[in-house]
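J.: this one's structure only:
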Ligand code: HEM
């Protein structure tokens, strides 16, 4: 891809990644949620879906650029895609904390308008036992939180100065955890649906293919250069 | 075959339940209090355009007022008919409303088999007319941690069971739902269709157990289990089998579909129990009524303990879940 196109495509990718967020926001603004029976569930699912999808899209970058040298500048999109995945995962967490948990957001809002800030906290205390219960007993919540913590660590270390600070190799090792996060995201999904529900299948197949592509690449490369030279094999993190 | 008919006695209360339109408007007005926003008018017009086109087969039904009704705020009919678990018509909750138009509810017969004096097949309209149809407003608690308040229309299953004349050896009754691939192309392959559920005889004979033909003063929408279903307000929603074609009386505990799919999570009894959350916490529920869904604590037996707890006296309900 010609380098001069990159800034335009970047703008486009920003728009595409933000579009779901604005669509959802607009549904709220126009009152479309009022027609829905269970908007809390639908917003939770919406944000969770986009977190996982964007994570998967960010994982497509590396295999894609290996296909042809002209695609190598795709690397410049990887970080932003990952950060958008983190953005939706964080919204998802926020939705869990402020809606799914049973937090009375309407009362919180009313109290805020009347300047009763302390009420926000006391309302939170009523749902806290349920959240603790979830965190200690529900493995789907635990594995989701685990995935989010990984994404948080990757987001925090994503700026260039962090890359320099950590050193390319350490940075790269850390950022391989993105695969763990994606696997944890899929496990999270399988554990939350009922037995027999196959909704997580598409995401899981996509992830499996991406992992296989990576393994295949590693094997191929080892065959080509039998002398193990780890530092050379490591890709420069140019993003 | 004809059932003996008793004429509809008592006052015939006209079906003056909420219409979809009113239900929707109360939903928006409540919601308006929550976060000021532009486009309120847009909301109204969006609503009008998506109104009842999702409701299939709903016709006015003559009802008399029944007992056991709760006075809690009711779930608007739009929500009760667009957010459904009826896996035969697709798994996502908006799918049954879109797909259930393929369900053919006439002609429809219900078979009575097993340990009864006389096995027989009954025409659905005779079944509906057998007893006065009562309107009963029940809480409905789904195992997915949401709940609704629905004015069901039906009569106690016990009346029908008495008509069936089960033998003294019959200890359980199983309900079998319709399964027809042609009408239900969306049904996932992974379950042991047809849907089958069951009750101990004393549970089935309990006056709360409702043989249901309608809701909101109208015959059931297809996605709500037309033309006949069971409603068990003190049990998880999946126990309330839909679109029933057969009642089978037996001396053995019937196997049930969800128990076969995942026995750790779904037991035979399936009584609402806030202390037994496997996948989710069941201590609280999202109440879906006309406003923005709000959370309330879940009650043991879904709040029907006064009526039904004695059915289970001496049983460990954490083991017999
Ligand atoms: C931060 C901790 C997290 C918590 C507390 C959490 C919680 C939840 C909850 C409560 C649900 C809905 C369960 C239901 O209604 O059945 C859900 C669904 C989901 N979550 Fe998470 N989650 C977390 C992190 C993540 C992450 C990091 C991802 C993606 C990488 C993710 C992806 C999903 C997906 C795909 C769904 C299902 C969406 C659907 O059904 O369409 N979650 N999560």
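T.: Structure's in. What do you need? Treat the numbers as computed from the prediction; the structure is a model and nothing was measured.

J.: what does the pLDDT read for residue 100?
T.: Picking chain A for this. Predicted confidence (pLDDT) for residue A:100: 87.

J.: not quite, I wanted chain B
T.: pLDDT, residue B:100: 94.

J.: give me the three-state assignment for it.
T.: helix (DSSP: H, G, I helix; E, B strand; the rest coil).

J.: tell me how many other residues crowd it.
T.: For residue B:100, the neighbour count with other C-beta atoms under 10 Å in any protein chain shown is 30. Every residue, glycine included, has its C-beta placed from N, CA and C.

J.: identify the residues contacting the residue nearest the centre of chain A.
T.: Centroid check for chain A by C-alpha atoms, centre = their mean gives residue A:85 as the closest residue, at 3.1 Å. Neighbour list for residue A:85: A:51, A:52, A:54, A:55, A:57, A:58, A:151 [criterion: C-beta atoms under 8 Å, 6 or more residues apart in numbering or on different chains].

J.: isn't there a strand covering it?
T.: No: checked against three-state DSSP, residue A:85 lies outside a strand; its state is helix.

J.: and it, how far is that from residue B:107?
T.: 53 Å (C-beta to C-beta, to the nearest Å).

J.: now swap in residue B:228 and tell me
T.: For residue B:228 relative to residue B:107 (C-beta to C-beta), the value is 13 Å.

J.: repeat for residue B:167
T.: Residue B:167 is 29 Å from residue B:107, by C-beta to C-beta.

J.: and the pLDDT for the closest residue in space to residue A:33 that isn't next to it in sequence?
T.: Nearest residue to residue A:33 in three dimensions, chain neighbours excluded: residue A:39, at 4.2 Å (C-beta to C-beta, 6 or more residues apart in numbering or on different chains). Note for residue A:39: predicted pLDDT of 89.

J.: try residue B:53
T.: 39.

J.: in this structure residue B:164 contacts residue B:116, no?
T.: Yes: using C-beta atoms under 8 Å, residue B:164 is in contact with residue B:116, at 5.1 Å.

J.: list the residues that contact both of these two?
T.: Common neighbours of residue B:164 and residue B:116 (C-beta under 8 Å, 6+ apart) are residue B:249.

J.: what is the host helix or strand of residue B:163 packed up against?
T.: Using DSSP states H and E, residue B:163 sits in helix B:157-164. On a contact count with 3 or more C-beta pairs under 8 Å, 6 or more residues apart in numbering or on different chains; DSSP states H and E, helix B:157-164 meets helix B:201-204, strand B:210-215, strand B:244-250.

J.: wait, which of those is closest to residue A:204?
T.: strand B:244-250 (35.9 Å; C-beta to C-beta).

J.: which neighbours does the closest one have in its sheet, and in what orientation?
T.: strand B:109-114 (parallel), strand B:172-177 (antiparallel) (DSSP bridges).

J.: re earlier: neighbours of the residue nearest to residue A:33, just the number please.
T.: 21.

J.: isn't it up against residue B:293?
T.: Yes: using C-beta under 8 Å, residue A:39 is in contact with residue B:293, at 6.8 Å.

J.: and the helix holding residue B:163, which residues are buried?
T.: B:157, B:158, B:159, B:160, B:161, B:163, B:164 (16 or more other C-beta atoms under 10 Å in any protein chain shown).

J.: again, but for stretch A:59-66
T.: Quick answer for stretch A:59-66 (16+ other C-beta under 10 Å): A:59, A:60, A:61, A:62, A:63, A:65, A:66.

J.: Three-state assignment for residue B:170, please.
T.: coil.

J.: contacting residues for it?
T.: Counting by C-beta under 8 Å, 6+ apart, residue B:170 touches B:114, B:115, B:116, B:201, B:249, B:250, B:251.

J.: thinking again about what came up before, between residue B:228 and residue B:107, what contacts are shared?
T.: With C-beta under 8 Å, 6+ apart, residue B:228 and residue B:107 have common neighbours residue B:124.

J.: related to what we said a few turns ago, any chance of the buried residues of stretch A:59-66 in a markdown table, plus pLDDT?
T.: What follows is the buried residues of stretch A:59-66, written out as a markdown table (pLDDT from 0 to 100):
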| residue | pLDDT |
| --- | --- |
| A:59 | 96 |
| A:60 | 95 |
| A:61 | 94 |
| A:62 | 92 |
| A:63 | 92 |
| A:65 | 90 |
| A:66 | 89 |
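
J.: tell me the one among those nearest to residue B:136.
T.: So of these, ranked by how close each gets to residue B:136 (C-beta to C-beta), first place is residue A:59, at 53.2 Å.

J.: just how off-centre is the one helix or strand residue A:182 maps to within its chain?
T.: Element membership for residue A:182, per DSSP H and E: helix A:177-192. Relative to its parent chain, helix A:177-192 has a centroid offset of 10 Å by C-alpha atoms, centre = their mean, to the nearest Å.

J.: for stretch B:247-264, same thing?
T.: The answer for stretch B:247-264 is 18 Å, by C-alpha atoms, centre = their mean.

J.: just the helices in the chain please.
T.: Reading this off chain A. Counting by DSSP state H, the segments of chain A that form helices are A:6-30, A:39-67, A:78-95, A:105-113, A:117-137, A:139-156, A:160-166, A:168-175, A:177-192, A:201-224, A:230-233.

J.: that's the wrong chain, I wanted chain B
T.: Counting by DSSP H, the helices of chain B are B:20-32, B:40-49, B:77-80, B:95-99, B:124-129, B:157-164, B:201-204, B:257-261, B:305-308.

J.: tabulate the contacts of residue B:170 (JSON lines), appending neighbour count and pLDDT.
T.: Formatted as JSON lines, the contacts of residue B:170 follow (neighbours: other C-beta atoms under 10 Å in any protein chain shown; pLDDT from 0 to 100):
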{"residue": "B:114", "neighbour count": "21", "pLDDT": "97"}
{"residue": "B:115", "neighbour count": "18", "pLDDT": "97"}
{"residue": "B:116", "neighbour count": "19", "pLDDT": "96"}
{"residue": "B:201", "neighbour count": "17", "pLDDT": "97"}
{"residue": "B:249", "neighbour count": "24", "pLDDT": "98"}
{"residue": "B:250", "neighbour count": "18", "pLDDT": "98"}
{"residue": "B:251", "neighbour count": "13", "pLDDT": "97"}
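
J.: rebuild those residues as CSV, extending it with distance to residue B:211.
T.: Listed next are the contacts of residue B:170 as CSV, based on distance: C-beta to C-beta, whole Å:
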residue, distance to residue B:211
B:114, 17
B:115, 19
B:116, 16
B:201, 15
B:249, 15
B:250, 18
B:251, 22
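
J.: between the residues you listed, which is nearest residue B:91?
T.: residue B:250 (29.9 Å).

J.: hey, what's the closest one bridged with?
T.: residue B:172.

J.: now do residue B:295
T.: residue B:286.

J.: what does chain A have sitting close to the ligand?
T.: Residues of chain A lying close to the ligand by C-beta under 6 Å from any ligand atom are A:41, A:44-45, A:48-49, A:51-52, A:55, A:89, A:92-93, A:96, A:100, A:141, A:144-145, A:147-148, A:185, A:188-189, A:192, A:199.
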